[in-house]
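Chemist: Mind looking at a prediction? Sequence and model below.
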Amino acid sequence: MSNHWLSWLVAVGTGAAQAAIVDCQPQAGSFTVLLSEPTGGLLKAAELKPYLERLQFELDQNRNAQWINLPDTPVRFVSCPGRAPALDGRDHSPALVDGLHTRRVLLEIWGQLSSEPGPGGASLPSAQLNYLLVPLQQAANQREAAAGALQRLRYPEAGTAPTQDPVQLVARSSDIDAFVASAFGVKLLRERSFDPAHRNLCRADVLLAALAKRPLAGRAKSELEGLRAFVLTSAGRAISEAKADAAYSKTGLLRLRASAKPCDEEAKP
């Protein structure tokens, strides 16, 4: 597939509004997380590009990522000005997802930034973020077993310190790490890179368990529970498939692990 595919314009709702799905080039030689434009009234049009660039810098440079990077193929964040998917995810057609998956995009993040009353009546930023785990959506499109690929969460988290900065509202959470580790583990398992797949899936299990302690409800809670169950099942698959693969090292560490309890020995982050 060409690295330069056409832009997509997809109708939203009755067709009166349009969501722009312009191409966004992934980071060459890396796995990629796309940061797409949020909707909502918090930021003016001229503020969207600087917001995405600051968010990209914060996520790429100023945090200790908690997933397991490959030595030669790291995960990088890319800001995507002008790319604004619909909130319900309808724009991510099978063809679009296939293109993202082929170019090693792990995750696309977008959503809505607005404001809500804070302490003393001050207005504080709030967000509803969508996380599309591309390898899981690709698996679902190919009729393979997969958990819900689109995870939705609201911010600020209950009990966190208020912030006026919409970048910090998004970047300070470890949720992104949980979803990157989940998508990365599934992608690597599909590529039969068993050891890093297993390590990322078990790291994802720990991070998702911490996320699940928050007071989530409804679809957000059920989708998250489904993702964590799928992550554990996939970690077990990494072990069993490695043992069954004649090309896997006879001294590989996964030969010492039990697929029924795939993450019992995993170190906590």
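Modeler: Sure thing, it's come through. Just so you know, these numbers come straight off a predicted model, no measurement behind them. Numbering: from 1, shown residues only.

Chemist: how about the helices in the chain?
Modeler: With DSSP state H applied, the chain shows helices at 45-61, 94-102, 134-141, 166-171, 175-190, 194-211, 218-244, listed in chain order.

Chemist: right, so of these, which gets closest to Gln25?
Modeler: With CB to CB as the criterion, Gln25 lies closest to helix 94-102 of the helices of the chain, at 11.5 Å. (Glycine included, C-beta is placed from N, CA and C.)

Chemist: Relative to Pro85, how far out is the nearest residue to Gln151 once chain neighbours are set aside?
Modeler: In this structure, Gln151 finds its nearest non-sequential neighbour in Tyr131, 4.5 Å apart by CB to CB, 6 or more residues apart in numbering. When distance is defined by CB to CB, to the nearest Å, Tyr131 is 12 Å away from Pro85.

Chemist: any shared contact partners between the two?
Modeler: Overlap between the contact sets of Tyr131 and Pro85, as judged by CB atoms under 8 Å, 6 or more residues apart in numbering, is given by Glu108.

Chemist: And these two? Which one has more around it.
Modeler: Neighbours were tallied for Tyr131 and for Pro85 using other CB atoms under 10 Å; the higher tally belongs to Pro85 (27 against 23).

Chemist: ok, now how distant is that one from Ser36?
Modeler: Note on Pro85: its distance to Ser36, by CB to CB, is 6 Å.

Chemist: Can you work out which residues contact both of the two?
Modeler: The contact sets of Pro85 and Ser36 overlap at 108, 110 (CB under 8 Å, 6+ apart).

Chemist: residues in contact with the nearest residue to Gln168 once chain neighbours are set aside?
Modeler: In this structure, Gln168 finds its nearest non-sequential neighbour in Glu58, 7.7 Å apart by CB to CB, 6+ apart. The contact partners of Glu58, taken as CB under 8 Å, 6+ apart, are 167-168, 171.

Chemist: If anything else comes up later, I'll come back, but that's it for now.
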